[in-house]
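1. Quick one, fold the following:
(chains A, B, C and D)
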Protein chains: 2
Amino acid sequence: MVQYTNASLDASFAALSDVTRRGVLEQLGSAEASITDLAAKFNMSLTGMKKHVGVLEHAGLVTTEKIGRVRTCKIGPRRLEEEMAWIDKYRQLWAARFDELDKVVEEMKRKEKVNGRKKRK
Amino acid sequence: MVQYTNASLDASFAALSDVTRRGVLEQLGSAEASITDLAAKFNMSLTGMKKHVGVLEHAGLVTTEKIGRVRTCKIGPRRLEEEMAWIDKYRQLWAARFDELDKVVEEMKRKEKVNGRKKRK
DNA sequence: TACATACTGAACCTCATGGTTCAGTATACG
DNA sequence: CGTATACTGAACCATGAGGTTCAGTATGTA
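-> This is a model prediction of the structure:
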């Protein structure tokens, strides 16, 4: 259950795939910031930064509020639970898969002495 | 420490941002598969699937080996440790940030009665 | 040898991304 | 009021993503 996650996983993993956006998230983790602040910190035009913030906001990772002239950005409602869960599930698959392989390898080890080892590097 | 992760984070989060590729990883978690197998399962041309596998391989999430005509794909060496670590760090920032806000809110609660609340909507 | 299978590469298409500049609009301030 | 600030939107550009088809090449198999 909790299977409806596909669309948001797409959006959030895509949001995380850009180093600037990960930087923005880290920045917002320590303090709120305006578009201007962020644009300056990441050496980018206001418009460019606005787009990044838009992507993060669309992924639910950032929320913004405009007060007067200033749009303030802060860390958003989503906490990457689903992303964490997906990765964790994957890691379990991985582990299971390699346990299996380990068994095969054990098997082969016992059976060898006949054959010489595969290159291990 | 472990700060050299940027490039691989870009590649792996990007790899994970596509539902087909996540599906391929899940599939390979339970069994190895050829390009043909995967293309059939995900209803896609061989060439298209080959590209997806290429992306996953480039991100270190899949390895492939061609034996005879058949290229067999299996789960690769990387276990998303860095991705997990990044997300976890982010979640801690998030938690810290909201602890802080909680304190501020507490503070405000105690100090009010004087001021009437800011609109909460 | 002949044919089918399995992949590979090039070329192409469409649409999204990451960025820019430029021209507004709205708000703050003296 | 006038000017500076802060954002916004449109337009543009180059590149890459996700997909296709088509024409190979290499390998199995009868």
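2. C-alpha only now, for contacts and for neighbours.
-> Will do.
3. Domain map for chain A?
-> With domains defined by automatic domain parsing, chain A comprises A:6-75, A:80-121.
4. So for B:Leu9, which of those domains sits nearest?
-> domain A:6-75 (6.7 Å; CA to CA).
5. what about the closest one, near DNA strand C?
-> Yes. Domain A:6-75 lies within reach of DNA strand C by CA under 7 Å from any atom of the strand, at A:17-18, A:20, A:43-49, A:52, A:55, A:67-69.
6. Between all of those, which two are separated the most?
-> Among those, A:Ser17 and A:Gly68 lie farthest apart (CA to CA), at 32.0 Å.
7. more crowded one of these two?
-> A:Ser17 (23 against 6; other CA atoms under 10 Å in any protein chain shown).
8. I'd guessed that one sits against B:Ala11; true?
-> Yes. With contact defined as CA atoms under 8 Å, A:Ser17 reaches B:Ala11; the gap is 6.9 Å.
9. closest point of chain A to DNA strand D, which residue?
-> A:Thr36 (3.2 Å; CA to the nearest atom of the strand).
10. how far away is that residue from DNA strand C?
-> According to CA to the nearest atom of the strand, to the nearest Å, A:Thr36 and DNA strand C sit 12 Å apart.
11. quick one: that residue and A:Gly48 touch, right?
-> No. When contacts are counted by CA under 8 Å, A:Thr36 is not listed as touching A:Gly48 (10.7 Å).
12. quick one, which of those two is more surrounded?
-> A:Thr36 (18 against 13).
13. pretty sure A:Lys74 belongs to a strand, no?
-> Yes. Assessed by DSSP: H, G, I helix; E, B strand; the rest coil, A:Lys74 belongs to a strand.
14. Okay, and the beta partners of it?
-> Beta-bridge partners recorded for A:Lys74 (DSSP bridges): A:Thr63.
15. OK, contacts around it?
-> A:28-29, A:31-33, A:62-64 (CA atoms under 8 Å, 6 or more residues apart in numbering or on different chains).
16. for A:Thr63, same thing?
-> A:Thr63 touches A:57, A:73-77, counting by CA under 8 Å, 6+ apart.
17. List buried residues within these.
-> Among the contacts of A:Thr63, those buried by neighbour count (16 or more other CA atoms under 10 Å in any protein chain shown) are A:57, A:73-76.
18. any idea how far stretch A:58-73 is from the chain center?
-> Centre-to-centre, stretch A:58-73 and its host chain are 21 Å apart (CA atoms, centre = their mean, to the nearest Å).
19. Pull the CA coordinates from it and hand them back as CSV.
-> Extracted C-alpha coordinates of stretch A:58-73, given in CSV (Å, rounded to 0.1, in the frame of the first residue of the first chain):
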residue,chain,number,x,y,z
HIS,A,58,6.1,21.7,-7.6
ALA,A,59,7.8,18.6,-6.0
GLY,A,60,6.5,19.8,-2.6
LEU,A,61,10.0,20.3,-1.2
VAL,A,62,9.7,24.0,-0.8
THR,A,63,6.9,26.4,-0.1
THR,A,64,6.9,30.1,-0.8
GLU,A,65,4.9,33.1,0.3
LYS,A,66,5.0,36.5,-1.2
ILE,A,67,4.7,39.3,1.2
GLY,A,68,5.0,42.8,-0.3
ARG,A,69,7.6,42.6,-3.0
VAL,A,70,9.5,39.7,-1.4
ARG,A,71,8.8,36.0,-2.0
THR,A,72,10.2,34.1,0.9
CYS,A,73,11.1,30.4,0.4
